[in-house]
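# Any chance you could fold what I've pasted below:
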Amino acid sequence: MRISRAQTKENKERIVAAAAQLFRERGFEGVGVAELMHAAGLTHGGFYNHFESKRQLEEEACALSFGEALGPLARIGELESGRERRAAFASYVENYLKSREPGAAAPRCPFVVFGSDMPRQEEGTRGVFGRGLRDYLEKLAGALRRKSKKPDETRADAIFALAALVGASTLAYGVDEIDKELAQHIRATVRARLIEEFAD
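As a prediction, the model looks like this:
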């Protein structure tokens with residue numbers, strides 16, 4: 001039985017969403033096509049109706065992860081009031097660096113979960129990651145902009161803030177299960193420093 005174009009689109013979106021989640025949890029190489037399709041609630045044989053290869057799915061899953069990550073930053077950058085932007089950024093930092101419960105899902109940040117995999121990926125996936133990084137820095141710079149700063153200074157602020165967020169999250173994630181106190185200290189320290197740095 002033929003399925004509708006709308007159902008085909010929905011099925012593909014389910015596969016990409018399931019892949020993004022599994023790739024975040026176990027990396028690109030840690031998940032096979034059969035498992036991806038099972039997670040999406042579809043049969044293995046239907047995979048190639050939607051994708052030419054697993055690499056194509058990796059690119060689309062990576063792009064989806066960046067799309068999800070960029071939304072909150074874009075909304076902060078749209079705020080006209082500097083005070084509102086600073087408050088929204090502080091809230092963003094709090095949420096990004098919140099403590100993880102034992103057994104919680106992998107972080108959603110594409111830099112934390114995909115960054116170390118990128119040098120080993122195909123050019124297409126690395127290209128998606130690179131574009132995502134540029135877009136993220138652009139949105140973050142928009143969230144941090146101040147009238148007193150030039151664009152290159154604001155971009156430097158964005159690079160610093162992103163490096164601090166990703167570094168803290170990566171380090172804390174690495175010890176969450178074995179040294180919760182250290183993980184919490186890392187998150188709390190970077191959270192306080194970032195909020196203080198961009199509070200005025």
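# Mind listing what's buried along stretch 110-128?
P110, F111, V112, V113, F114, D117, M118, Q121, T125, R126, V128 (16 or more other Cβ atoms under 10 Å). No exception for glycine: its C-beta is placed from N, CA and C like everyone else's.
# Cross-reference those residues with the helices and report the matches.
Among the buried residues of stretch 110-128, DSSP state H puts P110, F111, V112, V113, F114, T125, R126, V128 in helices.
# quick check, nearest of those to R55?
T125 (6.7 Å; Cβ to Cβ).
# ok, residues contacting the helix or strand containing A156?
Secondary structure assignment for A156, by DSSP states H and E: helix 151-175. Residues from elsewhere that reach helix 151-175 (Cβ atoms under 8 Å, 6 or more residues apart in numbering): 93, 96-97, 100, 106-107, 109, 111-112, 115, 136-138, 140-141, 144-146, 149, 182-184, 186-187, 189-191, 193-194, 197-198.
# One more: stretch 18-33?
35-36, 39-40, 44, 47, 54, 57-58, 60-62, 64-65, 105-108, 113-114, 117, 120-121, 125.
# Return, as residue ranges, the portions of this protein with sub-threshold pLDDT.
Scanning the chain with the threshold set as pLDDT under 70 gives 1-2, 102-106, 200.
# where exactly do the helices run in it?
Using DSSP H, helices in the chain cover 5-26, 33-39, 54-77, 82-96, 110-114, 123-144, 151-175, 180-197.
# Taking their axis directions, the first one and helix 54-77 sit at what angle?
So that's helix 5-26. Angle of helix 5-26 versus helix 54-77, following axes from the mean of the first three to the mean of the last three Cα atoms, to 10 degrees, is 90 degrees.
# Which positions in helix 5-26 come out as buried?
For helix 5-26, by 16+ other Cβ under 10 Å, it's 11-12, 14-24.
# List only buried entries from the contacts of helix 151-175.
93, 96-97, 100, 106-107, 109, 111-112, 136-137, 140-141, 144-145, 183-184, 186-187, 190-191, 194, 198.
# Give the buried residues for stretch 81-92.
Buried residues in stretch 81-92 (16+ other Cβ under 10 Å): R85, R86, A88, F89, A90, Y92.
# which outside residues touch it?
In contact with stretch 81-92 (Cβ under 8 Å, 6+ apart) are residues 72-73, 75-77, 79, 143-147, 195, 198-199.
# As TSV, those with distance to T170 would be great.
Output for those, formatted as TSV (distance: Cβ to Cβ, whole Å):
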residue	distance to T170
P72	19
L73	19
R75	25
I76	23
G77	25
L79	28
A143	21
L144	21
R145	26
R146	28
K147	33
I195	19
F198	21
A199	24
